[in-house]
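Participant: Have a look at this prediction, sequence included:
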Amino acid sequence: MTRAGAGRGHNGGPTVEPASAWRRYCWQAARAALLPKLPIEIVRLQVRRAAEIGLDYRTYAGVRATTGHDLVAFLFSTNALRLLRDGDRLAAGDAEKLAGLRHIRRLVATQPPLDPGRIRRALEGQGVAVDAAARAPGLKDGWGETRAALAVLLAEIRAPADRVLLVGETALEREWVGAARLAGFLPGDRYFGRPGTVRG
């Protein structure tokens, strides 16, 4: 049933007219009623999985709900890792967190002028296993070039893009999600729980 005046293809959602709060509430309640209620066993499995890959449950569950899949890899930008110059090292707490991840791959997109091989060796020297490292898309790259650059990393582990979560830092890096159809974007400070970061 559609409202009078709703255009072709309209989904019948709430209007944006004044005094439409009640209609909006009803629409949201109806949508929530359609969502499946997860059995407690599934929730426990998801809580355990979130912990082993270093995510809070709310973030992990949000990614699962959006993509319909579990994560198989993280794509970290060197900005998110706070590796800005050759010779930089991960903060001790960040290195410990990454070294403790289980059952998930680690990819690194290195911002110029950093060298991917050198960054990979430096991380491994701190006990952080890296499955692939390559140059990050450049400032002048369009969506096609960005997608191609990120595809190089994904091909290394043969991972579908929508199962890889980007941990990044900048607005430009956030755009990689759409270009490569990644699972989502998470700021580095939030992932690592750095001081001043709001969790959840």
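Facilitator: Structure received.

Participant: hang on, residue 167 in a strand?
Facilitator: Yes - counting by DSSP: H, G, I helix; E, B strand; the rest coil, residue 167 is found in a strand.

Participant: Wait, it touches residue 186, no?
Facilitator: Yes - between residue 167 and residue 186 there is a contact at 5.1 Å, judged by Cβ atoms under 8 Å. Where C-beta positions appear, they are placed from N, C-alpha and C, glycine not excepted.

Participant: Pick out whichever of the two has more residues nearby.
Facilitator: residue 167 (26 against 19; other Cβ atoms under 10 Å).

Participant: any idea how far that one is from residue 41?
Facilitator: 29 Å (Cβ to Cβ, to the nearest Å).

Participant: and what of residue 50?
Facilitator: From residue 50 across to residue 41, the span is 15 Å (Cβ to Cβ).

Participant: Between the two, which is the more surrounded one?
Facilitator: residue 50 (19 against 8).

Participant: List the contacts of the more buried one.
Facilitator: 56-57, 59-61 (Cβ atoms under 8 Å, 6 or more residues apart in numbering).

Participant: Tell me the helix or strand right after the one helix or strand in the chain whose mean pLDDT sits lowest.
Facilitator: Here the helix or strand of the chain ranked lowest by mean pLDDT, DSSP states H and E is helix 21-34, holding a mean of 66. Counting by DSSP states H and E, the next helix or strand C-terminal to helix 21-34 is helix 40-52.

Participant: Can you point out the buried residues in stretch 95-103?
Facilitator: Of all the residues in stretch 95-103, those buried under the rule 16 or more other Cβ atoms under 10 Å are 95, 97-98, 101.

Participant: Can you tell me how far the closest residue to residue 91 other than its chain neighbours is from residue 88?
Facilitator: Residue nearest to residue 91 in three dimensions, not counting chain neighbours: residue 82, with 6.8 Å by Cβ to Cβ, 6 or more residues apart in numbering. Distance of residue 82 to residue 88, given as Cβ to Cβ: 7 Å.

Participant: Residue 78 too?
Facilitator: Distance of residue 78 to residue 88, given as Cβ to Cβ: 8 Å.

Participant: can you check residue 109 too?
Facilitator: Taking Cβ to Cβ, one finds residue 109 at 15 Å from residue 88.

Participant: Please say which of the two ends up with more neighbours.
Facilitator: residue 109 (28 against 14).

Participant: you'd agree that one is in a helix?
Facilitator: No - counting by three-state DSSP, residue 109 falls outside a helix, being strand.

Participant: I'd assumed residue 74 was in contact with it.
Facilitator: No - contact status for residue 109 versus residue 74: not in contact, 10.9 Å apart, counting by Cβ under 8 Å.

Participant: Just the buried subset of the contacts of residue 50, please.
Facilitator: 56, 59-61.

Participant: Mind picking the two most distant members of these?
Facilitator: Within the buried ones among the contacts of residue 50, 56 and 61 form the most distant pair, 9.2 Å apart (Cβ to Cβ).
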